[in-house]
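In: Make a model of this:
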Amino acid sequence: MFSRSSKPGRILWMSLVAAAALGLMADLADARVGGGRSVGSRGGKTFTAPPSTNTAPKPAAPMERSMTQPGKSTTAQGAQSAPTAAAQPSRFGGWRGLLLGGLIGAGLAGLFGMGALANVLGFLLQAALIAGLVYLAYLAFLFFRNRSSQPALATATASSAGGRPNQNASYRNGALLGGGAASAVSIGQDDYDAFERLLGDIQTAYGRNDLDALGDRATPEMLSYFAEELAGDTKRGVRNEVSGAKLLQGDLAEAWSEPDGDYATVAMRYSLIDATVEAASGRVVSGSRTEPQEVTEVWTFRRPLNGTPRQWELSAIQQA
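Out: This is a model prediction of the structure:
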């Protein structure tokens, strides 16, 4: 316990209280979906920064949390979710392995003498080195195979994609502005309308603590992050008040297909009412109930391969 009686003790105590308050305010600074963090998965592009756009000219922040492992798409992860024989930890690892190794060494020394034991240990060392080299070569093979299997973003022009205009067009309040190159996935007005609708629906559902509505509009991974954030707020005795999300400007950064589905990454600048309040008293802890704030983020949406605009769901959020 720190004493408050002495002056140095009071200063230290006040410093700790101030630091705790600042930490709490940092946690409560953003009541909106994602809490101002970069989380989620973008398939094989999870750890590759999306292209800059007019709406988000600065590079998007790298992922802080993701269930996707570097160098692997979500499909590859699913296929390798169960540990393989090569990936399983050694049955003789750790302290148990050291103990067992000592018992075996003592037994060999007693049976063959120290000279024979040295020969045996030398043979085992050579075998271990060879096995290690073979394993490293296998890992290198897997690494280059995964890199070569990642989908490359198509950079064909609109004419080569069948002359469909505005496939990569910017939009403002849902209206296409035109421009940009065609992508591997055709993105049209219905898709842009779906992105704008999801922006409002997800923010509203988050403000209402409606996990069912969030689950209908986000991937299971994103839903797990939202549930964790909302549970943390409940534990701290606060709640989110998020409403009035309105898209101000947005444009498509990239769209592509992978074996597990289609992806579209969209930069969006939007306004919303964003406040964190005490659950008991209703006092505003951070943000405002009346003054909207503007936010620029990069959202990635996912749908089944060749799916419809209504099948898009939120897959990742990155700060821009």
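In: where exactly do the strands run in this protein?
Out: Ranges of strands within the chain are 39-40, 170-172, 175-178, 238-258, 261-278, 284-287, 293-303, 313-319, based on DSSP state E.
In: Using a markdown table, please lay out the ones you listed together with mean neighbour count.
Out: Every residue, glycine included, has its C-beta placed from N, CA and C. Output for those, formatted as a markdown table (neighbours: other Cβ atoms under 10 Å):
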| stretch | mean neighbour count |
| --- | --- |
| strand 39-40 | 24 |
| strand 170-172 | 20 |
| strand 175-178 | 12 |
| strand 238-258 | 21 |
| strand 261-278 | 22 |
| strand 284-287 | 18 |
| strand 293-303 | 22 |
| strand 313-319 | 25 |
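In: List just the one of those that sits closest to Lys58.
Out: Set against Lys58 and scored by Cβ to Cβ, the strands of the chain come closest in strand 293-303, at 8.6 Å.
In: Name whatever forms a beta bridge with Leu247.
Out: Taking DSSP bridges as the rule, Leu247 bridges to Tyr270.
In: circling back to that earlier point, if I average pLDDT within each of the strands of the chain, which one is lowest?
Out: Lowest mean pLDDT of the strands of the chain: strand 175-178, a mean of 35.
In: quick one, which of the strands of the chain is nearest to Ala61?
Out: In terms of Cβ to Cβ, the element of the strands of the chain nearest to Ala61 is strand 313-319, at 4.4 Å.
In: about what we covered before: with distance to Glu229 added, can I get the strands of the chain in TSV?
Out: Shown next, in TSV, are the strands of the chain (distance: least, Cβ to Cβ, whole Å):
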stretch	distance to Glu229
strand 39-40	10
strand 170-172	29
strand 175-178	33
strand 238-258	9
strand 261-278	11
strand 284-287	14
strand 293-303	15
strand 313-319	12
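In: what's the closest of those to Ala218?
Out: strand 313-319 (4.3 Å).
In: The strands of the chain: which one's closest to Leu198?
Out: strand 313-319 (6.2 Å).
In: List of residues touching the closest one?
Out: Here strand 313-319 makes contact (Cβ atoms under 8 Å, 6 or more residues apart in numbering) with 33-34, 36-43, 46, 50, 60-63, 66, 198, 202, 217-219, 221-222, 263, 265, 297-303.
In: just checking, Trp312 touches Leu198?
Out: Yes - the pair Trp312 and Leu198 qualifies as a contact (Cβ atoms under 8 Å) at a distance of 6.5 Å.
In: Now for those two: what residues contact both?
Out: Common neighbours of Trp312 and Leu198 (criterion: Cβ under 8 Å, 6+ apart): Phe301.
In: And the residue lying closest to Glu229 once chain neighbours are set aside, how close does it get to Glu313?
Out: Distance criterion Cβ to Cβ, 6 or more residues apart in numbering; nearest residue to Glu229, sequence neighbours excluded, is Gly35 at 5.5 Å. Distance from Gly35 to Glu313, counting by Cβ to Cβ, to the nearest Å: 19 Å.
In: just Ala231 next, same as before
Out: 21 Å.
In: Then Gln69?
Out: On the measure of Cβ to Cβ, Gln69 and Glu313 end up 21 Å apart.
In: for Glu221, same thing?
Out: Taken as Cβ to Cβ, the span from Glu221 to Glu313 is 11 Å.
In: Leu230 is in contact with Arg208, isn't it?
Out: No - contact criterion Cβ under 8 Å: Leu230 and Arg208 do not qualify, at 10.2 Å.
In: Need the residues that contact stretch 37-45.
Out: Against stretch 37-45 from outside (Cβ under 8 Å, 6+ apart): 46, 48, 50, 60-68, 72-74, 150-151, 219, 221-222, 225, 254, 256, 258, 260-261, 263, 265, 300, 302, 314-319.
In: and if you look at stretch 210-219?
Out: Residues from elsewhere that reach stretch 210-219 (Cβ under 8 Å, 6+ apart): 40-41, 198, 201-202, 204-206, 222-223, 226-227, 230, 302, 313-315.
In: Can I get stretch 214-221 as CSV, trimmed to CA atoms?
Out: Only the C-alpha atoms of stretch 214-221 are listed here, as CSV (Å, rounded to 0.1, in the frame of the first residue of the first chain):
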residue,chain,number,x,y,z
LEU,A,214,-24.2,-7.8,-35.7
GLY,A,215,-23.9,-11.5,-36.4
ASP,A,216,-26.1,-11.1,-39.5
ARG,A,217,-23.8,-8.4,-40.9
ALA,A,218,-20.3,-9.4,-39.9
THR,A,219,-18.1,-12.5,-40.1
PRO,A,220,-17.8,-14.7,-37.0
GLU,A,221,-14.3,-13.3,-36.3
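In: pLDDT of it, averaged?
Out: Taken as a whole, stretch 214-221 has a mean pLDDT of 98.
In: burial of the closest residue in space to Val242 that isn't next to it in sequence, as a residue count?
Out: Leaving aside its sequence neighbours, Val242 sits nearest to Gly207 (Cβ to Cβ, 6+ apart; 3.3 Å). Around Gly207 there are 22 other residues, counting by other Cβ atoms under 10 Å.
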